[in-house]
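Asks: my questions concern the predicted model and sequence given below.
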Amino acid sequence: GLSNGILVLGLAGAFWSGLSLSRAGGLWQTVVAAVIAGAVVAGAFRVRRKAAGFRMAELKHAGEVERSQIRQIQLGFRWVALGEWALVGIGIGLCSYFHRDDLTWPAIGFAVSLHFVPLAWLFHVRVYYATAAAGAAVSIAGMVAAQPLAVVGSGMAATVWLTAMYAILNAERMAEKAAA
């Protein structure tokens, strides 16, 4: 559930931060990024411990309506992932076609950002709409920046980490709204 999303956001932030730091990172920036990523991952586990304890094995005892809802969510998630990968492929293809390899990471960031729109609808997590908008803005800024990798890497890291922190701080309320 939500704790898995927070964990993925924490790891994604570490990935994007690592991209940015690979070009211009010093020791203190790396330490700060590691501390933030660690805090987000720890927050995800805290949310998981506080949750009601739903386990996938409990589905065999669930009614047909609940199992149908879970199947619909799983199918929707697969379509979102497929769409995200298609957009990533199109972005990389366009960058290659136009000989603008420097824009590959901003294009990937843009595709990743857009995938938060259907995720927001699918999981009833409204903050993902803001994540999509902020990530898209960062990616577009990276396309016109002198240092695209630094801009998109640090901007995407900040975007997903802030989303994760928001989810950690509001997990109970978000879970109640999603269940309603």
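Replies: Noted; the coordinates are in hand.
Asks: helices of the chain, residue ranges please.
Replies: 2-24, 27-50, 64-97, 104-114, 116-123, 127-144, 148-169, 171-179 (DSSP state H).
Asks: looking at this structure, which helix or strand is least sure?
Replies: helix 171-179 (a mean of 73; mean pLDDT, DSSP states H and E).
Asks: off-centre distance for stretch 149-161?
Replies: With Cα atoms, centre = their mean, to the nearest Å as the basis, stretch 149-161 stands 11 Å off its chain's centre.
Asks: who touches it?
Replies: 9-10, 12-24, 33, 36-37, 40, 105-106, 109, 112-113, 131, 134-135, 138-139, 141-142, 145 (Cβ atoms under 8 Å, 6 or more residues apart in numbering). Just so you know, the C-beta spots here come from the backbone N, C-alpha and C atoms, and that holds for glycine as well.
Asks: check contacts around residue 90.
Replies: With Cβ under 8 Å, 6+ apart, residue 90 has these contacts: residue 111.
Asks: for residue 96, see how far away it is.
Replies: Distance, residue 90 to residue 96, using Cβ to Cβ, to the nearest Å: 11 Å.
Asks: cool, residue 161 as well?
Replies: 30 Å.
Asks: count of neighbours near residue 99?
Replies: 7 (other Cβ atoms under 10 Å).
Asks: need the phi and psi values for it.
Replies: phi 50, psi 40 (degrees, to the nearest 10).
Asks: coming back round to it: pick out the shakiest of the helices of the chain, pLDDT-wise.
Replies: Lowest mean pLDDT of the helices of the chain: helix 171-179, a mean of 73.
Asks: from the contacts of stretch 149-161, which would you call buried?
Replies: 9-10, 12-14, 16-21, 33, 36-37, 40, 105-106, 109, 112-113, 131, 134-135, 138-139, 142, 145 (16 or more other Cβ atoms under 10 Å).
Asks: isn't residue 142 right up against residue 136?
Replies: No - between residue 142 and residue 136 there is no contact under Cβ atoms under 8 Å: 10.6 Å.
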